[in-house]
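Novice: got a predicted structure here, sequence first:
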Amino acid sequence: MPHSQNSAEVVSEPGPDRARSLAVVVLAAGLGTRMRSATAKVLHCIGGQPLVSYVLEAARPMAPERVVVIVGHQAEAVRAACAPHGGGADLRFVMQAEQRGTGHAVQCAVPELEGFRGDVLILYGDVPALRADTLAAFVDGHRRSGATLSLLTARFRDPTGYGRIIRGPSGGIERIVEERDASPDERHISEINTGIYCVDARLLVSAVEALAADNAQGEYYLTDIVSVAHARGQRLWSRNVDDVVEVTGINTRTELADMEARIRRSIVEKWMAAGVTFEDPGTAYVGADVSIGEDTTIGPNIQLRGATVIGRGCRLDGSACLQDARLGDGVHIKFGVVITESEVGDHDEIGPFAHLRPGTSLAAHVRIGNFVETKKARLGPGTKANHLTYLGDVTIGEDTNVGAGTITCNYDGFRKYQTVIGDRVQIGSDTQLVAPVAVGSDAYVGAGTTVTQSVPPGTLVVSRVAQRHVEGWVARRRAREATAAKAGASAPPARSTPARAKVRTKTAAPKAKATKAGTKSGTRSSGRRSTTKRARPRR
């Protein structure tokens, strides 16, 4: 049997095929039974992104000609998760309806490699810590060595669960044995197969066709292509990964949480090195796609998710959650703020306990105070809404002040309507603006006003119920309560109603004679108040 030419070091001189085309195959069909979930394993998230997205992003810088993702469980959802991460490559999907091993998965992908001439990089969709520079060095080493099949290997102190690398007397790789099929001596080998390969496309197609399911599981193992290549005298090469965390697959919820913590820590450390201060790095949750400007301070219990962008010199006090938000420079986010799909201008102050919902856009020097909620609200420079306010579907000009308790009434049960407020407007407390409505610049809206018609510029608008004074009411009320108390009622007295609302039954008055107009008592008022009053319902 011919021996394979095998090396674990990068050859210094480039081989003849170093500039070959690259295709990527990602195995993402499994359910992941140890996750104990109805969700496909590669759809579980770290940092708000599905596991498979990390693998695709790691391969993107190498500009592969085509990417083939093998799907199975929740195929449509996996396709949707992969779509944003194709990186301009020819992204293809192939269905592995019946999971019969990793070799069978690649067999399913072979038709999508028809006509391709170059190297195929084989990856797994549950390895989120894999770095782009590790893959680039691996592919480069494969091409420099002139190998037709290369493996990325690792050494674990506890290799339990992984396939072992079996080397021959000369140190060259001869085969890989899965743990369940390994002998006791083979299980003591610490060098393991990561499952990541770079292989000539023609060799891959012919090798997977030669696979057989003659093993303990009755499955087609992709690892067997190594022994096939060795038997054919092909040149093999391997590279040992520096950090084993990079090639650690996720199989359980515990491993998912551990990897989440590792990735979170690495992201925070990256931003600290870039000039960002974290007051409590252990409680910061920063997504992979977040951007933070230097001299920004991040307080404890901050969540920055999605494509959030934070400018320079900002301060986030703590316990805030930002999703796909954009903050300018010098922004102060106070305690307990939630911002989603919104833009915050330079030197704005938000919070505490404010909620900026999608579509909010704030110009510079805007202040949004405690218990203020905005949605599709555009506020001009210098405008303030400091207390207890809802601003929805509204456009507000510059230097306007919105008083406490203001509400834009934008929904009639069927559709939303717009409110437009001009510049330098003063909105009094407890104002309701019933859309569609406009308030012109320099107008004043009195406290407690319900605005149902547009207000001209420079106008004062007031809409209030006339104030009424009832003399002696307090004394009478207290007297009634004192009388009830003296009566010795054992239970607390029921809530009193005003005397005019009580039902008083009196003997009916004699029927009145007809008036000059021919009317009779009961059909028109006689000028005297009726002695029978309607009872007001008890509240």
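Specialist: Ah, there it is.
Novice: I figured I339 hits L316, correct?
Specialist: No. The criterion here is Cβ atoms under 8 Å, and I339 misses it with L316 at 10.2 Å. Quick note: C-beta positions are derived from backbone N, CA and C, even for glycine.
Novice: and the helices in the stretch 251-400 of the chain?
Specialist: Using DSSP state H, counting those that start in this stretch, the helices found in the stretch 251-400 of the chain span residues 253-273.
Novice: in which helix or strand would I find H142?
Specialist: Assigned by DSSP states H and E, H142 belongs to helix 132-145.
Novice: quick check: next helix or strand after that helix?
Specialist: strand 149-155.
Novice: may I see the buried residues of that next one?
Specialist: The neighbour-count check on strand 149-155 (16 or more other Cβ atoms under 10 Å) flags 149-154 as buried.
Novice: what lines up beside that strand in the sheet?
Specialist: Partners of strand 149-155 in the sheet, by DSSP bridges, are strand 191-200 (antiparallel), strand 236-240 (parallel).
Novice: what sits up against it?
Specialist: 134, 138, 141-142, 165, 173, 176, 190-194, 196-200, 203, 225-226, 229, 234-241, 244, 247 (Cβ atoms under 8 Å, 6 or more residues apart in numbering).
Novice: so that strand versus helix 132-145, what angle?
Specialist: 130 degrees (axes from the mean of the first three to the mean of the last three Cα atoms, to 10 degrees).
Novice: helices or strands up against whatever helix or strand comes next after strand 149-155?
Specialist: Moving toward the C-terminus from strand 149-155, the next helix or strand (DSSP H and E) is strand 164-167. Counting contacts by 3 or more Cβ pairs under 8 Å, 6 or more residues apart in numbering; DSSP states H and E, strand 164-167 packs against strand 173-177, helix 184-187, strand 191-200.
Novice: can you do 6 Å?
Specialist: strand 173-177 (3 or more Cβ pairs under 6 Å, 6 or more residues apart in numbering; DSSP states H and E).
Novice: what average pLDDT does the strand it packs on get?
Specialist: The average pLDDT within strand 173-177 is 91.
Novice: what residue ranges in the protein score low on pLDDT?
Specialist: Filtered on pLDDT under 70, the chain yields the residue ranges 1-19, 489-539.
Novice: domain parsing for it?
Specialist: 6-247, 257-461 (automatic domain parsing).
Novice: start and end of the shortest one, how far apart?
Specialist: It refers to domain 257-461. 58 Å (Cα to Cα, to the nearest Å).
Novice: what do you get for stretch 210-221?
Specialist: 11 Å.
Novice: same question, stretch 410-419
Specialist: 8 Å.
Novice: could you do stretch 390-404 as well?
Specialist: Start-to-end, stretch 390-404 (Cα to Cα) is 10 Å.
Novice: neighbouring contacts of it?
Specialist: The contact list for stretch 390-404 (Cβ atoms under 6 Å, 6 or more residues apart in numbering) reads 373-385, 387-389, 407-408, 410, 416, 418-429.
Novice: put the buried members of those into a ChimeraX selection.
Specialist: Per 16+ other Cβ under 10 Å, the buried members of these correspond to this ChimeraX selection:
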select :373,374,375,376,377,378,379,380,381,382,383,384,385,388,389,407,408,410,419,420,421,422,423,424,425,427,428,429
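Novice: select from the contacts of stretch 390-404 every entry located in strands.
Specialist: Using DSSP state E, 373-379, 384-385, 387-389, 407-408, 419-421, 426-427 are the members of these that sit in strands.
Novice: from G299, how far out is the nearest residue to M272 once chain neighbours are set aside?
Specialist: Spatial nearest neighbour of M272, excluding adjacent residues (Cβ to Cβ, 6 or more residues apart in numbering): F278 at 6.1 Å. The gap separating F278 from G299 is 8 Å, by Cβ to Cβ, to the nearest Å.
Novice: please apply the same query to W237.
Specialist: In terms of Cβ to Cβ, W237 sits 49 Å off from G299.
Novice: please apply the same query to V244.
Specialist: V244 is 34 Å from G299, by Cβ to Cβ.
Novice: one more: A154?
Specialist: 38 Å.
Novice: about what we covered before: so which of the strands paired with strand 149-155 is nearest M35?
Specialist: Minimum separation from M35 across the strands paired with strand 149-155 (Cβ to Cβ) falls at strand 191-200, 17.9 Å.
Novice: mind listing what's buried along that closest one?
Specialist: 191-200.
Novice: ok and that strand relative to strand 173-177, angle-wise?
Specialist: Using the same axes, to 10 degrees, strand 191-200 lies at 120 degrees relative to strand 173-177.
Novice: what's the angle between the helix or strand just after strand 191-200 and strand 149-155?
Specialist: Counting by DSSP H and E, the next helix or strand C-terminal to strand 191-200 is helix 201-209. Per the same axes, to 10 degrees, the angle that helix 201-209 makes with strand 149-155 is 70 degrees.
Novice: other SSEs contacting the following helix or strand past helix 201-209?
Specialist: Heading C-terminal from helix 201-209, the first helix or strand you meet, by DSSP H and E, is helix 224-231. Taking 3+ Cβ pairs under 6 Å, 6+ apart as contact, the helices and strands that helix 224-231 lies on are strand 173-177.
Novice: swap the cut-off to 8 Å and go again
Specialist: strand 149-155, strand 173-177, strand 191-200, helix 201-209, strand 236-240.
Novice: buried residues in the last one?
Specialist: In terms of neighbour count (16+ other Cβ under 10 Å), strand 236-240 has its buried residues at 236-239.
Novice: swap in the fourth one?
Specialist: Of the residues in helix 201-209, those buried under the neighbour-count criterion (16+ other Cβ under 10 Å) are 201, 203-205, 207-208.
Novice: okay if I get the residues you listed as JSON lines plus distance to A63?
Specialist: Rendered in JSON lines, the data for the buried residues of helix 201-209 read as follows (distance: Cβ to Cβ, whole Å):
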{"residue": "A201", "distance to A63": "17"}
{"residue": "L203", "distance to A63": "22"}
{"residue": "L204", "distance to A63": "20"}
{"residue": "V205", "distance to A63": "23"}
{"residue": "A207", "distance to A63": "26"}
{"residue": "V208", "distance to A63": "25"}
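Novice: against T102, how distant is the nearest residue to L152 once chain neighbours are set aside?
Specialist: Leaving aside its sequence neighbours, L152 sits nearest to I196 (Cβ to Cβ, 6+ apart; 4.1 Å). In this view, I196 and T102 are 12 Å apart by Cβ to Cβ.
Novice: thinking again about what came up before, so the residue nearest to M272 touches E269, yeah?
Specialist: No. Applying Cβ under 8 Å as the test, F278 and E269 come out as separate, 9.2 Å apart.
Novice: out of the two, which sits in the more crowded spot?
Specialist: More crowded of F278 and E269, by other Cβ atoms under 10 Å: F278, with 20 against 12.
Novice: residues contacting the more buried one?
Specialist: Residues near F278 by Cβ under 8 Å, 6+ apart: 268, 271-272, 284, 298.
Novice: any idea how far the residue nearest to M272 is from I292?
Specialist: 10 Å.
Novice: what touches both of the two?
Specialist: Contacts common to F278 and I292, judged by Cβ under 8 Å, 6+ apart, are 271, 298.
Novice: strands of the stretch 401-539 of the chain, residue ranges please.
Specialist: With strands called from DSSP state E, counting those that start in this stretch, the stretch 401-539 of the chain shows them at 401-402, 407-409, 419-421, 426-427, 432-434, 437-439, 444-445, 450-451, 460-461.
Novice: now distance to G161 too, for the ones you listed, in TSV please.
Specialist: Output for the strands of the stretch 401-539 of the chain, formatted as TSV (distance: least, Cβ to Cβ, whole Å):
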stretch	distance to G161
strand 401-402	60
strand 407-409	59
strand 419-421	61
strand 426-427	65
strand 432-434	63
strand 437-439	66
strand 444-445	69
strand 450-451	68
strand 460-461	74
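Novice: how about these, which one is nearest C45?
Specialist: The closest approach between C45 and any of these, judged by Cβ to Cβ, belongs to strand 407-409 at 35.5 Å.
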